[in-house]
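*Asks:* build the 3D model from these lines:
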Amino acid sequence: MASIAEVTADTAPEIETFVAHVAADCHTHEIPLMLEPLAYSLTDQPLTPAEKRYVVVETARRLTRRLTRRLTPLGADLLKAEFPSSPEGEWAEACAEVSAASVCPWILLSGAVDFEVYLRQVETACRAGASGIAVGRAVWQEAVEMPPPARAEFLRSTARDRLTRLTALCTALARPWSDVYSAGEVGVDWYQRA
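*Replies:* Model (predicted):
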């Protein structure tokens, strides 16, 4: 959606208006709203690990709190967040900061990190309060360069095994969404309501 730099810059009113319209549509149609803010540098230099951590945590704080305070009841239902820090020794603290900053459940996106690194990030994030993952490239990125038969085999075996490992990890460690939301009774005709 937008980085914290964008939200605090001249584009903030436009971004907030756009989010408000999307959020209103989601609320009207009872569709959960997932926000995916991405951190990036506004210069030609990449963000340092400390800058990235700050941007990810502060974005979680500002977007989820701002939306729930100023646009109530149009707030985000789920935050899809980047991993907040690069130095492994700071991972747990950084993920705990994201959990404390966000008023809605958050899940970890994968980006293009190595699978084994992502697996460690998922464990750390879930132990610190993440509610799960939205994974893609970390599972299948090697397959892109493979010829079709090898790609198909990789997806059938390695990618499937990776998803199984990630699912088991999230099942064991992720914070349940029900810690934040409670589901009311749903009748068999729920889909027929206008």
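
*Asks:* just give me the residue right at the centre of this protein.
*Replies:* Centroid-nearest residue in the chain: residue 80, 1.5 Å away (criterion: C-alpha atoms, centre = their mean).

*Asks:* before we move on, what's the pLDDT of the residue lying farthest from the centre of the chain?
*Replies:* In the chain, the residue that sits farthest from the middle, by C-alpha atoms, centre = their mean, is residue 149; the gap is 32.3 Å. Note for residue 149: predicted pLDDT of 98.

*Asks:* what comes up buried for the helix or strand it falls within?
*Replies:* For residue 149, the host element (DSSP states H and E) is helix 148-154. Of the residues in helix 148-154, 151, 154 count as buried by neighbour count, 16 or more other C-beta atoms under 10 Å. All C-beta spots, glycine's among them, are computed from the backbone N, C-alpha and C.

*Asks:* residue 99 and residue 174, how far apart?
*Replies:* Plainly put, residue 99 is 11 Å away from residue 174 if you go by C-beta to C-beta, to the nearest Å.

*Asks:* what's the answer for residue 192, then?
*Replies:* 32 Å.

*Asks:* follow-up on the earlier one: the residue nearest to the centre of the chain falls within a helix, correct?
*Replies:* No: under the criterion used here (DSSP: H, G, I helix; E, B strand; the rest coil), residue 80 is strand, not part of a helix.

*Asks:* the chain should start at 251 in everything you say after this.
*Replies:* All set: I'll call the first residue 251, so the last point we hit is now residue 330.

*Asks:* quick one, helices of this structure?
*Replies:* In order along the chain, the chain carries the following helices (DSSP state H): 254-258, 262-278, 299-320, 341-351, 365-377, 387-390, 398-404, 410-423.

*Asks:* more crowded one of residue 442 and residue 424?
*Replies:* Taking neighbours as other C-beta atoms under 10 Å, residue 442 and residue 424 compare with residue 424 leading, 20 against 7.

*Asks:* from memory the more buried one sits against residue 374, does it?
*Replies:* No: the criterion here is C-beta atoms under 8 Å, and residue 424 misses it with residue 374 at 11.8 Å.

*Asks:* identify whichever of the helices of the chain lies nearest to residue 284.
*Replies:* Closest of the helices of the chain to residue 284 is helix 262-278, at 9.2 Å (criterion: C-beta to C-beta).

*Asks:* what residues sit buried inside the closest one?
*Replies:* Buried residues in helix 262-278, counted by 16+ other C-beta under 10 Å: 265, 266, 269, 273, 276, 277.

*Asks:* centre of the chain versus that helix, how much separation?
*Replies:* Mean-position distance between helix 262-278 and its chain equals 18 Å (C-alpha atoms, centre = their mean, to the nearest Å).
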